[in-house]
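K.L.:
based on what follows, work out the 3D shape:
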Amino acid sequence: MSGLADKESPNLANLPAYLLTCLSALTLAFSNPLWSQSTMAEVYSLNGFFVALIIYLLLLPTFHFLLPAFLFGLGLGNHHTLVLLIPGIVYLLMVTGRRKTVDGKPLFSTLLPSTLYLLPVFLLGFSVYLFMIVRSQQNPIADWDNPENITNFLKVVFRTGYGGIMHLEEKGGFLTRPMNLFVQQMSEFAGNLIKSFTIFGFIVGIFGIFLNYKQNKKSFWFLFLIFIFIGPFFIFLANKPVENYTRDLLEPFYIPSIIVFAIWISFGIIFLIKKNKLNYVLIIGILIFQFKTNFAENNLRNNFIAFDFGKNILKTVQNNSLLFLDKSDESVFILAYQKIVEKRKPSVEIFDCNASVFPNIYGDRYYWIKGRQRTAVRLPIERKIIWESKKNVYYLAENPNYFSDMKFFKTGLLYLLNKKLPAVVFGDFYVLRKINLRYRDKIIAYSFYVSVGNYYLGTNQPVLASAMYEKANKISAELR
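P.N.:
Residues are numbered from 1 along each chain as shown. Here you go, the predicted structure:
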């Protein structure tokens with residue numbers, strides 16, 4: 001970035017360039033979405049890595065498209081939103097015919113030959129998907145959508161199970177958007193940039209945009225196209241209302257645009273420090289403020305909410321029982337960790353009603369159907385397992401009364417089939433540590449208190465039920 005910010009002295013010989021690079025990188029590292037996603041096992045931080053690396057390679061003073069093309073294909077094996085880099089990359093392909101390589105030869109002259117030239121390298125990177133076929137045939141613990149045959153494989157590659165535009169397109173038509181909603185969405189997007197970098201970093205970044213345009217128009221338009229398509233345009237496609245749930249849902253998708261904005265911040269940092277070395281103090285002060293602002297939210301040192309919730313569920317289940325999970329991903333993954341990694345309750349057999357983590361008992365077709373079709377497949381299979389087993393049967397569900405000839409009784413966080421146990425004060429052995437909860441953690445805590453409250457109410461323990469509902473209401477207010 002130093003060379004882009006100052007074409008006349010690209011090495012910034014009079015400045016400690018490595019320190020400048022470090023300061024610029026730290027603005028990105030301390031940004032809230034990237035920091036948040038880096039603390040969990042998700043695809044978005046790795047997606048950010050591919051975005052940053054591809055942009056970096058294409059911004060080098062002398063570059064070749066081959067490695068970025070390979071990384072682009074490889075990165076699509078991680079997350080499909082990388083396709084939103086294409087407008088910026090196409091722009092570079094179109095204007096690079098006028099550039100020269102180190103040996104003075106034209107790099108590319110037209111877009112089509114360039115694309116055909118890069119296609120085999122892109123496909124080589126994209127071929128990482130073939131690993132799924134090989135690995136799925138070994139029946140691993142996590143065999144998502146069972147892509148061991150060509151039909152399932154293609155459905156995974158093209159994300160058939162997600163539908164729409166990355167499962168985000170809402171009602172109202174592809175291009176139908178209320179203007180007031182779009183304005184709210186853009187305001188939310190700008191607010192997220194401010195939250196990520198603080199208002200001071202945001203101002204430096206805005207200043208850096210103008211500096212980038214003035215100093216290097218080619219890199220500016222490359223970055224600007226990526227920023228627009230991977231930021232505002234993506235939000236336009238997502239078409240989500242501005243509320244707490246969608247803020248949490250969309251936050252990781254802001255990471256690529258935050259990477260671009262961090263580059264613009266680097267333009268501002270370099271300019272300020274070139275003007276006056278004392279501005280180092282200003283920039284370091286902004287970084288300290290950014291770190292302090294975002295640290296509290298991302299310090300998960302004492303966050304045990306998922307661990308405690310999973311242990312509480314398994315505490316409720318008697319040994320040698322069956323447990324059906326018919327709730328959200330959070331519950332399923334929590335139990336997968338407890339069962340597979342921690343090896344808790346080995347005698348308890350767990351079935352995932354969404355067939356997402358635990359072995360699929362419903363057949364391959366189950367992955368690609370929804371709603372009533374899925375219920376029609378599920379229930380006969382579960383009924384057969386229940387009737388053939390002499391074990392206790394538990395359900396983690398909102399209301400498991402699927403079978404007219406079976407009766408479920410609330411038992412703590414779970415429902416127990418055909419057996420009503422004596423009333424228990426589950427608060428005596430349930431543990432739920434609530435320290436520095438993030439949005440989804442609060443959903444888990446809310447679900448916990450409501451579920452236990454319902455149990456107390458159903459077992460004629462109104463005082464305990466009221467205490468649980470009061471705690472749930474406090475969390476509910478924070479979720480709104």
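
K.L.:
ok so Val357 is a helix residue?
P.N.:
No. Counting by DSSP: H, G, I helix; E, B strand; the rest coil, one finds Val357 to be coil, located in no helix.

K.L.:
start and end of stretch 24-42, how far apart?
P.N.:
Stretch 24-42 has an end-to-end distance of 25 Å (Cα to Cα, to the nearest Å).

K.L.:
and it, what's buried?
P.N.:
By 16 or more other Cβ atoms under 10 Å, the buried positions in stretch 24-42 come out as 24, 26-28, 30-37. (Glycine included, C-beta is placed from N, CA and C.)

K.L.:
could you do stretch 178-192 as well?
P.N.:
Residues 185, 188-189, 192 are the ones in stretch 178-192 that count as buried (16+ other Cβ under 10 Å).

K.L.:
can you pull out the helices in the stretch 51-200 of the chain?
P.N.:
66-76, 86-95, 111-126, 130-136, 150-157, 179-215 (DSSP state H, counting those that start in this stretch).

K.L.:
most neighbours per residue, which of the ones you listed?
P.N.:
Highest mean neighbour count of those: helix 66-76, a mean of 20 (counted as mean count of other Cβ atoms under 10 Å).

K.L.:
show me what that helix is packed up against.
P.N.:
Helices and strands touching helix 66-76, by 3 or more Cβ pairs under 8 Å, 6 or more residues apart in numbering; DSSP states H and E, are helix 44-59, helix 111-126.

K.L.:
if I look at Lys218, how far off is Asn212?
P.N.:
Note on Lys218: its distance to Asn212, by Cβ to Cβ, to the nearest Å, is 10 Å.

K.L.:
and Ile381, by the same measure?
P.N.:
Ile381 sits 58 Å away from Asn212, going by Cβ to Cβ.

K.L.:
Leu223: which of the helices and strands packed on helix 66-76 is closest?
P.N.:
helix 44-59 (7.4 Å; Cβ to Cβ).

K.L.:
got the contact list for the nearest residue to Lys407 once chain neighbours are set aside?
P.N.:
Using Cβ to Cβ, 6 or more residues apart in numbering and skipping the chain neighbours, the partner closest in space to Lys407 is Asn418 (5.6 Å). When contacts are counted by Cβ atoms under 8 Å, 6 or more residues apart in numbering, Asn418 touches 393, 406-409.

K.L.:
now swap in Ala445 and tell me
P.N.:
Neighbour list for Ala445: 305, 432, 434, 437, 475 [criterion: Cβ under 8 Å, 6+ apart].

K.L.:
report the contact partners of the closest residue to the second one other than its chain neighbours.
P.N.:
Among residues not flanking Leu432 along the chain, Asp308 sits closest, at 5.0 Å (Cβ to Cβ, 6+ apart). Contacts for Asp308 were tallied using Cβ under 8 Å, 6+ apart; they are 431-433.

K.L.:
most neighbours, which of these?
P.N.:
Among those, Leu432 has the most neighbours (other Cβ atoms under 10 Å), with 17 neighbours.

K.L.:
any idea of the pLDDT on it?
P.N.:
Looking at Leu432, its pLDDT is 91.
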